[in-house]
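J.: please work out how this folds:
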Amino acid sequence: MHIGFLNPQGNFDSGNSHITKHPDFGGQLIYVKQVAVELAQKGHKVDILTRQIIDPQWPEFAEPFDTYPGVDNLRIIRLPAGPKEFLPKEFLWPHLVSDWVPNILKFYQEQGGLPDAMTAHYGDGGLCGVLIEEETGIPFTFTAHSLGAQKIDKLEVTPENLAQIDEQFQFRYRIVAERLSMNRSAINITSTRQERFEQYSHRVYRDAVDFNNDSRFAVIPPGADFSIFGAQARFENEEAIYQFIQERLARDIAQSRRDLPAILASSRLELKKNVLGLVQAFAMSQTLQEQANLVLLTAGLDDPLRESASDEMTEEVLAPIRKVLEEHDLWGKISAFGLSDQAQEALAATYRFMAKRRSVFALTALYEPFGLAPLEAAAAGLPVVATQNGGPSESLREGDTEYGVLVDPEDPADIARGLERLLCDPHEWEHFAVAGQQRVLKTYSWETTAQNYLNLLEQIVSSPQARDRAELLPIHPYFLNPQPQTDVSLEELSSLYFGSSQNLAIVPAA
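T.: Model prediction:
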């Protein structure tokens, strides 16, 4: 089978450059790469289609073709879309319609044939899947990774601030694109059942897809890369990472405490990740402070607790954390630093280093759609305390069986109790270290993820199901011809989000 992955934002290259160091270069790229590699290794022809970037700041993404070392049957294909330089994902929309999709169709016409099926990722990839299918009939699956409606909710958008927030995030395009993507895809792929029933049921997506219809959804969880995150894995600079960690601990932690276990957190510094809640839990528990240090891995920031961040949003996260440190005199008990290059390998080495000290991994996000980081940490041997909101409630619990400790992220006392449960009882630590690791090894591998994708794609291609055209949302005029007179209006977004009985996804801008 010939399979195309539609992922215009971010980029891919043989060195995995910039992954996790930019909002457009995060877990979604790891997900796409891993599934694509596994499918290629099963003997299928796989293309990762992304945007070409010709920009001195991003030299890795200039060549039209690339590959991954040692992986046959897989091409990274970079095609132009709009300006040559890097653009944040929020501002790609018109260029996808006018340039990127036509360039994809032209590329395959010159190659002599299209893929058998596409799998589209995020709302922008989904939109491209819609346009390609409309032009060629090639079916596509849609994997949203995250949906815009939940982000709008978290930003507490009101009719009064909608225009200001939309100027930054361009929700009017994203929401309409997501509605079209979930409506016209052959099937929608979610990481959890909770994602399906909680996210796709949002009022913004009403009449776009029936979230109760099993034939329109498949749950395919992501996996952990055991060759990187496995407890027995090693990479060539493993010892150098151990040395680096010890140097940072020596810099930040009082000498008498440097051999203590750690409460380890690794996430981008965003408000939704709720690092502040974890710090508050540590500050309020004398028991935790006696048992462990708090270690925050902060991508790209070497000493964020003492040095101001260059961007306003990161500083908004750090300022209240520093205040808690001062008020509770936590200096000498907490360390924060970023890892160097080879981010995934260095992160995995850090997990193994901390597991040897009987440390605990913590993810206290207010909501986590899936939560791959806790599974990677568990694969490396760390027991996990994670938010009860979102994917971890499925991956770390099945019925009455616990594979990690779930906590209420909005209650620092509950976070503290969860951490104390593991750090204060050696038997509990051992139990959850083994249970979590076995859970990931058995259930969450990229090979399993890829096989589930393959089963779906083969079924879609071999037995296409005709959809009633009356069920399909018309494509918004802007996504057929991005001109000012066809633009998606704020009034349309406002009506979708704040409520209307009219199907405004097809109304042109006034």
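
J.: point me to the helix or strand that includes the residue nearest to Leu127 when sequence neighbours are not counted.
T.: For Leu127, ignoring the flanking residues on the chain, the nearest one in space by C-beta to C-beta, 6 or more residues apart in numbering is Ala177 at 4.0 Å. (Each C-beta comes from the backbone N, C-alpha and C, glycine too.) Using DSSP states H and E, Ala177 sits in helix 171-184.

J.: give the next helix or strand downstream of that helix.
T.: strand 187-190.

J.: tell me which other helices or strands that next one touches.
T.: Judged by 3 or more C-beta pairs under 8 Å, 6 or more residues apart in numbering; DSSP states H and E, strand 187-190 is in contact with strand 140-143, strand 217-219, helix 446-462.

J.: hmm, 10 Å instead?
T.: strand 117-121, strand 140-143, strand 217-219, helix 446-462 (3 or more C-beta pairs under 10 Å, 6 or more residues apart in numbering; DSSP states H and E).

J.: which stretch among those comes nearest Gly27?
T.: When these are compared by C-beta to C-beta, strand 117-121 sits nearest Gly27, at 11.1 Å.

J.: how far off centre is that closest one?
T.: With C-alpha atoms, centre = their mean, to the nearest Å as the basis, strand 117-121 stands 17 Å off its chain's centre.

J.: that strand pairs with which strands?
T.: strand 2-6 (parallel), strand 140-143 (parallel) (DSSP bridges).

J.: can I get the CA coordinates of that strand in CSV?
T.: Only the C-alpha atoms of strand 117-121 are listed here, as CSV (Å, rounded to 0.1, in the frame of the first residue of the first chain):
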residue,chain,number,x,y,z
ALA,A,117,-4.9,6.7,1.0
MET,A,118,-4.0,9.7,3.1
THR,A,119,-3.8,10.1,6.9
ALA,A,120,-4.2,13.7,7.9
HIS,A,121,-3.0,15.3,11.1
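
J.: give me the angle between that strand and helix 171-184.
T.: 140 degrees (axes from the mean of the first three to the mean of the last three C-alpha atoms, to 10 degrees).

J.: which SSE is immediately downstream of strand 117-121?
T.: helix 122-136.

J.: buried sites along that following helix?
T.: 122-134 (16 or more other C-beta atoms under 10 Å).

J.: output the contacting helices and strands for it.
T.: When contacts are defined as 3+ C-beta pairs under 10 Å, 6+ apart, helix 122-136 packs onto strand 2-6, helix 27-41, strand 45-51, helix 93-95, helix 101-111, strand 117-121, strand 140-143, helix 171-184.

J.: tell me the contacts of Phe479?
T.: 93-94, 96-97, 101, 127-128, 130-131, 134, 173, 176-177, 180, 486, 488 (C-beta atoms under 10 Å, 6 or more residues apart in numbering).

J.: then Phe244?
T.: Contact partners of Phe244, counting by C-beta under 10 Å, 6+ apart, are 237, 337, 339-340, 346, 349-350, 353.

J.: I'd like to know how far it sits from Asn237.
T.: Using C-beta to C-beta, to the nearest Å, Phe244 is found at 9 Å from Asn237.

J.: which residues are contacting the lowest-mean-pLDDT helix or strand in the chain?
T.: When the helices and strands of the chain are scored by mean pLDDT, DSSP states H and E, helix 193-194 comes last with a mean of 90. Contacts with helix 193-194, where a contact means C-beta under 10 Å, 6+ apart, come from 217, 219, 369-370, 389-394.
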